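Visitor: sequence and predicted structure, then a few things I'm wondering about:
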Amino acid sequence: MNRTEIHHRLEIIVSSTGGRAYTVTVFGLMRDDGRWEGLLEFAAVEAGGRTVRTPVQTTQSSVRQLLYWAGGLSRTHLEDSLMTALYPPQPRAPRPPAMAEDRRQLLAQIERDVLAMFSAARVTRLRTQAVFQRGPHSNADFVRAFEALEKQLRYLFRHTVDGVDWLELTLEGAHAAGIPAVAGGDAELALPKPSR
């Protein structure tokens with residue numbers, strides 16, 4: 001199937017950081033599903049310059065919508081798009097997937113760090129926010145550790161009182177943290193940061 005194209009030159013000249021001037025053309029291409037992809041094409045005004053295109057920047061339902069989108073582009077957007085076209089980001093090397101054993105070991109360390117915070121403060125109840133603020137781990141990793149400590153090991157439970165989220169040790173959790181199992185505690189105590 002032949003794909004329909006449009007070219008709409010904008011009445012603006014943008015410059016690269018090197019000072020070279022470029023004209024801007026909106027390039028539209030109709031997809032098989034009838035929608036339109038839009039990208040920008042930059043052509044150097046001076047002889048000897050190159051012409052570069054951005055990746056697809058928008059998908060619109062009609063040519064009219066594509067041109068409406070193009071009419072709202074700011075100079076800053078056009079200059080940033082020119083820089084992206086001239087100097088495309090280098091593709092990142094794919095990261096090897098994290099090994100399940102590595103993730104398990106990291107989670108176990110975070111669990112130990114959480115228990116160490118209780119132990120250092122000598123309390124059985126801490127504000128969740130205090131743990132987030134003190135630890136060297138991401139909040140998401142802490143939450144995974146809370147879930148494991150709560151659901152698998154049964155060392156703590158989470159609850160909310162008057163809009164404040166709390167972590168509270170069970171008897172088993174207090175024993176694992178090496179502290180007496182007494183009610184109370186406060187997240188405002190000075191907690192040392194756990195070691196990595």
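Guide: Looks like it arrived, so ask away.
Visitor: what residue in this structure is the furthest from its centre?
Guide: The centre of the chain is farthest from one residue, Ala47, which by Cα atoms, centre = their mean lies 41.8 Å away.
Visitor: any low-confidence regions in this structure?
Guide: In the predicted model of the chain, residues 1-3, 92-98, 135, 182-196 satisfy pLDDT under 70.
Visitor: now the strands for it?
Guide: Taking DSSP state E as the test, the strands found in the chain are 5-15, 21-30, 36-44, 51-53, 58-60, 125-127, 156-161, 164-169.
Visitor: okay if I get the ones you listed as TSV plus distance to Gln105 and mean neighbour count?
Guide: (Glycine included, C-beta is placed from N, CA and C.) Output for the strands of the chain, formatted as TSV (distance: least, Cβ to Cβ, whole Å; neighbours: other Cβ atoms under 10 Å):
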stretch	distance to Gln105	mean neighbour count
strand 5-15	51	12
strand 21-30	49	19
strand 36-44	45	20
strand 51-53	46	15
strand 58-60	43	16
strand 125-127	24	20
strand 156-161	20	14
strand 164-169	22	19
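Visitor: of those strands, which is nearest Arg103?
Guide: strand 156-161 (20.6 Å; Cβ to Cβ).
Visitor: partner strands of that closest one and their direction?
Guide: Strand 156-161 pairs in its sheet with strand 164-169 (antiparallel), by DSSP bridges.
Visitor: neighbouring contacts of the strand it pairs with?
Guide: 114, 118, 124-129, 131, 146, 155-160, 177, 179, 181, 185 (Cβ atoms under 8 Å, 6 or more residues apart in numbering).
Visitor: between the longest helix seen in the chain and strand 156-161, how many degrees?
Guide: Using DSSP state H, we find that the single longest helix of the chain is helix 100-121. Using axes from the mean of the first three to the mean of the last three Cα atoms, to 10 degrees, the direction of helix 100-121 lies 60 degrees away from that of strand 156-161.
Visitor: who are the packing partners of helix 100-121?
Guide: If you count contacts as 3 or more Cβ pairs under 8 Å, 6 or more residues apart in numbering; DSSP states H and E, helix 100-121 packs onto helix 128-134, helix 139-147, helix 171-177.
Visitor: the longest one vs strand 156-161, what angle?
Guide: Computed with the same axes, to 10 degrees, the direction of helix 139-147 lies at 110 degrees from that of strand 156-161.
Visitor: any idea how far the residue farthest from the centre of the chain lies from Ser138?
Guide: 53 Å (Cβ to Cβ, to the nearest Å).
Visitor: pretty sure Leu149 contacts Val114?
Guide: Yes - using Cβ atoms under 8 Å, Leu149 is in contact with Val114, at 6.4 Å.
Visitor: any common contacting residues for those two?
Guide: In contact with both Leu149 and Val114: Leu156, using Cβ under 8 Å, 6+ apart.
Visitor: ok, the two, which is more surrounded?
Guide: Neighbour count, other Cβ atoms under 10 Å: between Leu149 and Val114, Val114 has more, with 27 against 24.
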